[in-house]
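> Structure, please.
(one chain, ligands or ions: 1)
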Amino acid sequence: MPARTTKLYEDLTDQVTALIRAGTLRCGDRAPSVRQLARERGASAGTVVHAYELLQARGYLRPRSRSGFYVSDAWRTTDQHQHTSRPSRRPTRLDVSELVFEVLEAMRSPDLAPFGSAFPGPDLFPLRQLAQLIGASTRRLSERSTLDDLPPGNEKLRRQIARRYLASGAQVAVEEIVVTSGALEALNLCLQVVTEPGDIVLIESPSFYGCLQAIESLGRRALEVPTHPGTGIDVDEVEQLLSRHRVRACWFMTAFQNPLGATMPAAARERLVRLLSRRGVPLIEDSVYADLYFGAQRPHSAKSFDTEGLVLDCGSFAKNLAPGYRLGWVAAGRFAQAVTRRKSMSSVGTAIPIQAVIGDYLGRGTFERHLRRLRRALQERQSHFLAAMERYMPAAMKWNRPSGGYLLWAELPPHIDAIRLHREALAEGISLAPGPIFSASHAFHHAIRLNYGHPWTAKTEAALKRLGNLIARTSASR
Ligand SMILES: Cc1ncc(COP(=O)(O)O)c(C=O)c1O
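Purely as a prediction, here's the structure:
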């Protein structure tokens, strides 16, 4: 299609969308006829038909046989009514890594619109301030730090981390904290400590691919729990699975779950922890996004309901302060010593200058101010992104509005394959994370995870619009 015609059909689409959203054209009204609009705008009939088909796919128009197009209100339902997943009820050994690596490698190009990325925009972090601290912090390190800061890690840093738990309603002793190289290492160490090869681990459906890879590489078996994009895992199901299987551990994200963006209500979390305590089942809690809440306060972690030391809460500075520093930790409850030993065996320790810098940064008291700014920026980016989703995505799509973090879950029209869409989107300069990389059973072929945490610019909006057009075109051609 020549460039001018492409622009005209997009303009037409936008203008009719605006008329409908402003209520100038109402549900049931007849849209201007193709011939009339083509004449008025100096366009070909084909261009107008193309625009109308796109509007139809997005739920703004519906054709009536032999009498043209009419305004529809199907677009209004796009952000509602997602469902709880329905995974297999049998434990499975996993085989997900190949696809995950393919997708992750394809997403690394800096020229892509980063909707598939797992990081928020790098502009959100005080990297310059940290860089200035490095010199001073490392100069202060004593010669003994090589030994002193071995696992469980730098005392000052661990004290700061333990203090911050008060905000999530938990009382955590410094002795419980083990510093790690990112949360992923913490999660892997915890899994090694609380389970043996062949053991069954309850996970969410869908779940973070790092969880699937850890279970796969350590030879554990995964049992998926139905999970809702709004309220997270279904605790009734957890109860049933516990009574039917010999479950050795759970690995859950109770706040702003990746990939769904779901957050469990506090009552459900409390019930979950009580249930697991009664049976002595450890919970590995992945809290990497928990500081990124949009509400008045941080959601109470599962750790805050733990009275038995059975919750191993894993956190990280990769998503809220310094992505490249690879610094994480676990508040490991009764397993702290075992995790410390595992950590020594796996990597001797975590880079000592990095522990010192972050410990000093936390000691300065500016972290909370930075987090407030970060949360505000993410919330603003979310509202731009969601408004544009409504404008540009087809009516048959559904998505959620997470109450924190920077990831949302979108369900595609049923016949669109997410992996194929991922490949086609790459060709259009857009990355996205296809649903199957989050599944133990290769499910979620009609879902994608989108990242809204990058700066909202005209370029970002144009990319989202292109993605909407691609989905609408694919949908219309099936
Ligand atoms: C849900 C989740 N958990 C853990 C991690 C790993 O965190 P880290 O980078 O601190 O190892 C990630 C990173 O993408 C994540 O999304």
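> which SS class is the closest residue to Y165 other than its chain neighbours?
Nearest non-adjacent residue to Y165, counting by Cβ to Cβ, 6 or more residues apart in numbering: V172, 4.1 Å away. Heads up, the C-betas are built off the backbone N, CA and C, glycines and all. Using DSSP: H, G, I helix; E, B strand; the rest coil, the structure places V172 in coil.
> What residues does the stretch 51-200 of the chain have near the ligand?
Within the stretch 51-200 of the chain, the residues that sit near the ligand (Cβ under 6 Å from any ligand atom) are 118, 182-184.
> cool, the stretch 301-450 of the chain as well?
So the stretch 301-450 of the chain meets the ligand at 316, 318, 328 (Cβ under 6 Å from any ligand atom).
> what's the spacing between the residue nearest to Y165 and Q160?
Note on V172: its distance to Q160, by Cβ to Cβ, to the nearest Å, is 12 Å.
> neighbour-wise, which of these two wins?
In this view V172 and Q160 are compared by other Cβ atoms under 10 Å, and V172 has more residues nearby, 23 against 19.
> Find me the pLDDT at that one, would you?
Note for V172: predicted pLDDT of 95.
> try D95
In this model, D95 carries a pLDDT of 68.
> From the residues of the stretch 301-450 of the chain next to the ligand, keep the buried residues only.
Buried members of those, counted by 16 or more other Cβ atoms under 10 Å: 316, 318, 328.
> Where do the strands of the stretch 351-478 of the chain begin and end?
Ranges of strands in the stretch 351-478 of the chain, per DSSP state E, counting those that start in this stretch, are 398-399, 407-411, 430-431, 433-434, 447-451.
> Paired strands for the fourth one, with orientation please.
When you say that, I think you mean strand 433-434. Sheet pairing here is set by DSSP bridges, and for strand 433-434 it gives strand 447-451 (antiparallel).
> tell me the angle the strand it pairs with makes with strand 407-411.
150 degrees (axes from the mean of the first three to the mean of the last three Cα atoms, to 10 degrees).
> For strand 447-451, output the C-alpha coordinates as PDB.
Only the C-alpha atoms of strand 447-451 are listed here, as PDB (Å, rounded to 0.1, in the frame of the first residue of the first chain):
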ATOM      1  CA  ALA A 447      -2.000 -14.700  25.700                       C
ATOM      2  CA  ILE A 448       0.900 -12.300  25.900                       C
ATOM      3  CA  ARG A 449       2.600 -10.300  28.600                       C
ATOM      4  CA  LEU A 450       3.200  -6.600  28.000                       C
ATOM      5  CA  ASN A 451       5.500  -4.300  29.800                       C
END
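> Go through that strand and flag the buried ones.
Counting neighbours by 16+ other Cβ under 10 Å, one finds that the buried residues in strand 447-451 are 447-451.
> Output these in CSV; the columns should cover pLDDT and distance to L242.
Converted to CSV, the buried residues of strand 447-451 look like this (pLDDT from 0 to 100; distance: Cβ to Cβ, whole Å):
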residue, pLDDT, distance to L242
A447, 96, 27
I448, 97, 32
R449, 97, 28
L450, 97, 33
N451, 97, 34
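> between those residues, which is closest to E390?
Nearest to E390 out of the buried residues of strand 447-451 is L450 (Cβ to Cβ; 13.5 Å).
> Who's the closest spatial neighbour of that closest one, skipping the chain neighbours?
Per Cβ to Cβ, 6+ apart, closest to L450 is F115, 4.7 Å.
> was I right about the one you found contacting S431?
Yes: between F115 and S431 a contact is recorded at 5.9 Å, counting by Cβ atoms under 8 Å.
> For those two, indicate the residue with more neighbours.
F115 (26 against 23).
> and the gap between that one and the ligand?
Distance from F115 to the ligand, counting by Cβ to the nearest ligand atom, to the nearest Å: 15 Å.
> S168 too?
Separation of S168 from the ligand (Cβ to the nearest ligand atom): 16 Å.
> what about that residue, how many residues close to it?
21.
> do the same with H445
18.
> Q297 too?
Using other Cβ under 10 Å, Q297 has 9 neighbouring residues.
> Test my guess that it contacts A167.
Yes: Q297 lies in contact with A167 (Cβ under 8 Å); the separation is 7.5 Å.
> avg pLDDT for stretch 128-139?
Averaged over stretch 128-139, pLDDT sits at 90.
> So which bits of it are buried?
If you call a residue buried by 16+ other Cβ under 10 Å, then stretch 128-139 has these buried ones: 130, 133, 137.
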